[in-house]
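**Q** just the structure for this:
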Amino acid sequence: MEYFVNCNTSPIDVYNIPLDKVKAAHLYRRLGFSASVQTIDAAIGANAGTLVDNLINQAIGTPPLPPPAWADWTDANYPADDDAANAVRNSQREEWSLAYTNALLDNNLRDRLSFFWSNHFVTEIGVYNCTSFLYYYINCLQRNAIGNFRTFVSEVGLTSAMLFYLDGAYNNGDNPNENYGRELYELFTLGEGNNYTEQDIIETARALSGYVERGEIGCTQVTFDATKHDAGSKTILGQTGNWGYDDVINILFQQRSGEIAEFICRKLYEFFVHPDSRDATGNAQDIINTMANTFVANNFELAPVLSQLFKSQHFFDDTTVGVIIKSPFDMYLNLIKETGFAYDDSALGRVIDSCNLLSQELFSPVDVAGWQRDRTWINTNFMIGRWLTSEMFVEQFWSNNQEQFRTFGIAAAGPNGATTNDPEEVTRAIVDKLTPKGLLTAVDYGAAISVFREPYESDMVYQNGSWNMMLPNADSQVYLLLLHLVRQPEFQLK
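**A** Okay, here's the model as predicted:
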């Protein structure tokens with residue numbers, strides 16, 4: 001697949017052109033996990049700023065997932081037998097995985113962001129092995145996903161999931177553990193080697209010490225023990241005092257605000273706009289600098305900087321459309337959203353299992369640096385897996401309800417979808433719905449049209465103009481076309 005260089009020279013100025021179908025679909029694919037034909041059609045002609053405001057306000061107003069019955073369980077609530085206890089934990093993890101995947105499918109910017117942050121403030125459930133910790137970690141991601149980043153950093157560092165994952169729960173004042181302090185700077189706020197020293201990490205670890213009270217029963221939320229905190233003088237980022245946890249956050253954001261803003265805005269840019277922000281022929285750095293200035297000016301509130309980006313000419317520039325490679329979750333959830341096919345928990349379970357096969361395990365990125373995204377999703381083994389699993393989803397939807405394929409084809413083709421006698425028109429409409437910019441060449445479209453025509457290839461319906469989407473085999477035409485499309489390079493992009 002061709003590597004897309006970022007040559008976007010459009011400014012951060014507001015995009016004022018009414019949305020067409022391509023730009024509306026682009027907005028929903030980036031800010032959520034895509035959208036239905038009806039949602040995209042309703043956005044055509046809309047003002048981008050108004051639509052973005054609506055999506056941001058919806059994200060801000062969406063409550064976190066309600067707590068499950070086991071949200072505050074400790075090991076005392078599980079069976080004494082280890083195998084039985086693990087079976088209960090696995091059931092709870094499956095329950096929460098389905099609940100969270102359902103939230104992702106709600107087409108909500110809040111959970112597009114919470115998913116992004118789960119790959120930034122990384123934890124791995126296999127390390128802490130406690131579903132109660134998982135619940136409170138996800139709750140933290142959802143509550144802060146589009147809130148204040150400074151508050152976010154402070155809160156996520158005190159979740160039990162993070163305290164166990166990066167050894168904060170073992171950071172005693174008389175024997176400091178530097179793991180979280182290092183990742184706080186390197187991965188969470190500043191970027192590797194960006195204006196901090198090894199001594200800063202050592203001193204920060206001392207200041208973060210004391211959150212080590214783990215209780216006598218396993219899976220108990222970690223709390224602070226003042227007797228295990230190093231209360232001595234520390235020098236952090238040039239500031240000296242008897243610093244503790246809150247002081248570290250204050251000093252970090254006071255002394256390194258510019259570095260934090262640039263680092264986080266670059267990650268947001270690469271996730272939502274283009275994976276290439278450094279080796280670029282466009283003005284990505286200028287856009288990131290402007291975003292960073294907005295971030296600092298708004299005291300690290302995320303909504304203003306995201307609003308500025310999503311409403312911009314730069315975001316809607318043609319060069320941003322279809323240049324990000326779908327993650328496994330993008331690929332499967334986009335297919336479900338864009339076709340409108342019916343799904344249940346068993347389908348979502350297959351989404352989760354298929355993502356695991358392609359190395360995107362929910363609640364468990366590959367390591368503390370997270371999934372590296374984009375081109376890492378399409379090595380040789382993963383490409384074959386993407387094709388086969390996507391085909392499996394199409395086949396399962398067909399097995400469940402063939403008629404929904406006809407319904408999708410008619411909806412994709414527009415107001416005349418049920419009556420048009422032009423198979424090429426319907427083919428192109430379906431292709432253009434499921435790909436960000438359509439297929440690359442006329443030959444590619446010709447191949448797709450041939451696949452769509454196949455069930456009636458020897459019939460006279462095309463010659464005499466009697467073909468339409470209400471014919472008995474029209475549903476199978478859509479089915480065959482989808483099986484063809486999921487193997488096309490353009491289907492892998494968003």
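**Q** for F382, which non-adjacent residue is closest in space?
**A** L358 (5.4 Å; Cβ to Cβ, 6 or more residues apart in numbering). For glycine as for every other residue, the C-beta is placed from the backbone atoms N, C-alpha and C.
**Q** roughly how far apart are that neighbour and K326?
**A** 11 Å (Cβ to Cβ, to the nearest Å).
**Q** again with L481
**A** 19 Å.
**Q** thinking A103 is in contact with P63, fair?
**A** No: assessed by Cβ atoms under 8 Å, A103 is found out of contact with P63, at 10.7 Å.
**Q** neighbour-wise, which of these two wins?
**A** A103 (18 against 8; other Cβ atoms under 10 Å).
**Q** counting by contacts, list what the host helix or strand of that one packs against.
**A** Per DSSP states H and E: A103 is located in helix 82-105. Helices and strands touching helix 82-105, as assessed by 3 or more Cβ pairs under 8 Å, 6 or more residues apart in numbering; DSSP states H and E, comprise helix 109-118, helix 131-144, helix 328-339, helix 345-357.
**Q** can I get these in JSON lines with distance to L268 and mean neighbour count?
**A** Listed next are the helices and strands packed on helix 82-105 as JSON lines, based on distance: least, Cβ to Cβ, whole Å; neighbours: other Cβ atoms under 10 Å:
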{"stretch": "helix 109-118", "distance to L268": "8", "mean neighbour count": "23"}
{"stretch": "helix 131-144", "distance to L268": "14", "mean neighbour count": "22"}
{"stretch": "helix 328-339", "distance to L268": "17", "mean neighbour count": "23"}
{"stretch": "helix 345-357", "distance to L268": "23", "mean neighbour count": "17"}
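**Q** redo the ones you listed as CSV? Include distance to V248 and mean pLDDT.
**A** Converted to CSV, the helices and strands packed on helix 82-105 look like this (distance: least, Cβ to Cβ, whole Å; pLDDT from 0 to 100):
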stretch, distance to V248, mean pLDDT
helix 109-118, 20, 98
helix 131-144, 18, 98
helix 328-339, 33, 98
helix 345-357, 35, 98
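**Q** shared neighbours, L358 and K326?
**A** W377 (Cβ atoms under 8 Å, 6 or more residues apart in numbering).
**Q** give me the more crowded residue out of these two.
**A** Using other Cβ under 10 Å as the criterion, L358 and K326 rank with K326 on top: 24 against 20.
**Q** now do the contacts for the more buried one.
**A** N334, W377, Q492, L493, K494.
**Q** now with 10 Å, please.
**A** Counting by Cβ atoms under 10 Å, 6 or more residues apart in numbering, K326 makes contact with 29, 33-34, 332-335, 373-374, 377-378, 386, 436, 491-494.
**Q** and for C355?
**A** T101, S327, P328, F329, D330, M331, Y332, L333, E361, L362, T389.
**Q** can you rerun that using 7 Å?
**A** By Cβ atoms under 7 Å, 6 or more residues apart in numbering, the residues touching C355 are P328, F329, E361, L362.
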